[in-house]
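Chemist: Predicted model and sequence follow; I will ask about them next.
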Amino acid sequence: MKPVCVLGNGQLGRMLRQAGEPLGITVHPVGLDAEPAALPIAQSVITAEIERWPETALTRELARHPAFVNRDIFPRLADRLTQKQLLDQLDLATAPWQLLSSPEQWPQVFNTLGELAIVKRRTGGYDGRGQWRLRAAEAHTLPAECYGECIVEQGINFSGEVSLVGARGKDGSTVFYPLTHNLHQEGILRTSVAFPQADAALQQQAEAMLSAILHELQYVGVMAMECFITPAGLLINELAPRVHNSGHWTQNGASISQFELHLRAILDLPLPQPVVLAPSVMVNLIGTENNLAWLTQPLVHLHWYDKEVRPGRKVGHLNITDTHPQRLTAALQALVPLLPAEYASGIAWAIEKL
């Protein structure tokens, strides 16, 4: 079987490598500054754990590689302007938006989009970075360098956030996991909850939306779609052309994890529908030191990224899965005293969802 080189050697590349080992797939997560000659690039299939990257000797080499899957799709989705244009082209519901080119636009922006404007950098912003929530009296606080480099969206009054993780094979077949409910705090995903059976109407709408995107792009592999729940249905917030944080629960809560599913798709291996038998909860570990006391809980699966712990940095996650909601709730409650105080609200949210 061909080896796989992953552009990027963070936690997503690491988990792709771990998923490949049982299948006999050699996966090489590769740093952007790696020397091309030191890697088995010529005979590999190439994928990426990041949407955009600087020009280096490696990325110049990969730009010409015929087996770099989705190579030309990454820049299109990494730029929020061209991503939004794609959604509009496909007539898929998203928050009303426009390119923010100059300060003189603000009166028109608030007149058109309403009293709350969400400004997002076209590229590079993630986990709440590069985003601003502004009302008319605050518009002057936006840094001058943002004009021309940001889009502005209407602030949406939503009742919840969900994501759909799915995959498309080279033959055009698609498979999807159940919708995942997500809680963000300060722009960072804190907790996810997934059930074997999602709300049927929302699941059907989400699958139709993501299918349209996958087929339009002729995309191969796993993609995630984040959405707001509104009275009118789902609004697409953002797309991620890769394995995604909100799909980490699949490592312990599904018959095939999102990481294995991505490898299967890009290597043209069978792509059966993953089976989900029990509710799952994923708790992101953000700027938190490793605590082996978590392992005293029999339902807890620890995934530690072996990264330097810094405030706001994702350093691991905990997966908890069980067929009995009462046992799942008890396991979550037992985690509360073993985590910093700021985790309590996210765990309470998850318990309420169950």
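Modeler: Alright, I've got the coordinates.

Chemist: and residue 346, what helix or strand is that in?
Modeler: Following DSSP states H and E, the helix or strand that holds residue 346 is helix 344-353.

Chemist: Mind listing residues that contact that helix?
Modeler: Residues outside helix 344-353 that contact it (CB atoms under 8 Å, 6 or more residues apart in numbering) are 181, 183, 185, 190-191, 193, 281, 283, 329, 332-333, 335-336, 339. Glycine gets a C-beta too; all of them are placed from N, C-alpha and C.

Chemist: Shouldn't residue 106 be within a strand?
Modeler: No - under DSSP: H, G, I helix; E, B strand; the rest coil, residue 106 sits outside any strand and is assigned helix.

Chemist: quick one: contacts for it?
Modeler: Counting by CB under 8 Å, 6+ apart, residue 106 makes contact with 136, 139.

Chemist: Quick check, pLDDT for it.
Modeler: The model reports residue 106 with a pLDDT of 91.

Chemist: hmm, which two among the contacts of helix 344-353 are most spread apart?
Modeler: 185 and 329 (20.8 Å; CB to CB).

Chemist: Neighbour count: the two, which is higher?
Modeler: residue 329 (19 against 16; other CB atoms under 10 Å).

Chemist: For the helix holding residue 346, C-alpha coordinates in PDB please.
Modeler: Backbone C-alpha positions of helix 344-353 (Å, rounded to 0.1, in the frame of the first residue of the first chain) are rendered in PDB as follows:
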ATOM      1  CA  ALA A 344     -17.400  22.800  34.700                       C
ATOM      2  CA  SER A 345     -19.700  24.800  32.500                       C
ATOM      3  CA  GLY A 346     -18.900  22.800  29.400                       C
ATOM      4  CA  ILE A 347     -19.400  19.500  31.200                       C
ATOM      5  CA  ALA A 348     -22.700  20.800  32.600                       C
ATOM      6  CA  TRP A 349     -23.700  21.700  29.000                       C
ATOM      7  CA  ALA A 350     -22.900  18.200  27.800                       C
ATOM      8  CA  ILE A 351     -24.800  16.600  30.600                       C
ATOM      9  CA  GLU A 352     -27.800  18.700  29.800                       C
ATOM     10  CA  LYS A 353     -27.600  17.600  26.200                       C
END
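
Chemist: what ranges do the helices span in the stretch 51-200 of the chain?
Modeler: Secondary structure of the stretch 51-200 of the chain (DSSP state H, counting those that start in this stretch): helices located at 57-62, 74-78, 80-89, 106-113, 200-217.

Chemist: So which residue of the chain lies furthest out from the middle?
Modeler: Relative to the centre of the chain, the most outlying C-alpha is that of residue 104, 34.1 Å out, by CA atoms, centre = their mean.

Chemist: Distance-wise, check that one relative to residue 135.
Modeler: Relative to residue 135, residue 104 is positioned 18 Å away (criterion: CB to CB, to the nearest Å).

Chemist: Go through the worst-scoring helix or strand of the chain on mean pLDDT and flag the buried ones.
Modeler: Averaged element by element with mean pLDDT, DSSP states H and E, the chain has its least confident helix or strand at helix 57-62 (a mean of 85). For helix 57-62, burial by neighbour count (16 or more other CB atoms under 10 Å) applies to 58-59, 61-62.

Chemist: Likewise for stretch 148-163?
Modeler: Within stretch 148-163, the residues that qualify as buried by neighbour count (16+ other CB under 10 Å) are 149-156, 158, 161-163.

Chemist: Over to stretch 174-192?
Modeler: In stretch 174-192, the ones that count as buried by 16+ other CB under 10 Å are 174-183, 185, 188-192.

Chemist: ditto for stretch 251-265
Modeler: Neighbour counts using 16+ other CB under 10 Å place 251-254, 256-265 of stretch 251-265 among the buried residues.

Chemist: Adding secondary structure, distance to residue 296 and pLDDT as columns, could you present those in JSON lines?
Modeler: Written out in JSON lines, the entries for the buried residues of stretch 251-265 read as follows (DSSP: H, G, I helix; E, B strand; the rest coil; distance: CB to CB, whole Å; pLDDT from 0 to 100):
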{"residue": "251", "secondary structure": "helix", "distance to residue 296": "20", "pLDDT": "98"}
{"residue": "252", "secondary structure": "helix", "distance to residue 296": "17", "pLDDT": "98"}
{"residue": "253", "secondary structure": "helix", "distance to residue 296": "21", "pLDDT": "97"}
{"residue": "254", "secondary structure": "coil", "distance to residue 296": "25", "pLDDT": "98"}
{"residue": "256", "secondary structure": "coil", "distance to residue 296": "29", "pLDDT": "98"}
{"residue": "257", "secondary structure": "coil", "distance to residue 296": "25", "pLDDT": "98"}
{"residue": "258", "secondary structure": "helix", "distance to residue 296": "28", "pLDDT": "98"}
{"residue": "259", "secondary structure": "helix", "distance to residue 296": "27", "pLDDT": "98"}
{"residue": "260", "secondary structure": "helix", "distance to residue 296": "29", "pLDDT": "98"}
{"residue": "261", "secondary structure": "helix", "distance to residue 296": "31", "pLDDT": "98"}
{"residue": "262", "secondary structure": "helix", "distance to residue 296": "33", "pLDDT": "98"}
{"residue": "263", "secondary structure": "helix", "distance to residue 296": "33", "pLDDT": "98"}
{"residue": "264", "secondary structure": "helix", "distance to residue 296": "35", "pLDDT": "98"}
{"residue": "265", "secondary structure": "helix", "distance to residue 296": "37", "pLDDT": "98"}
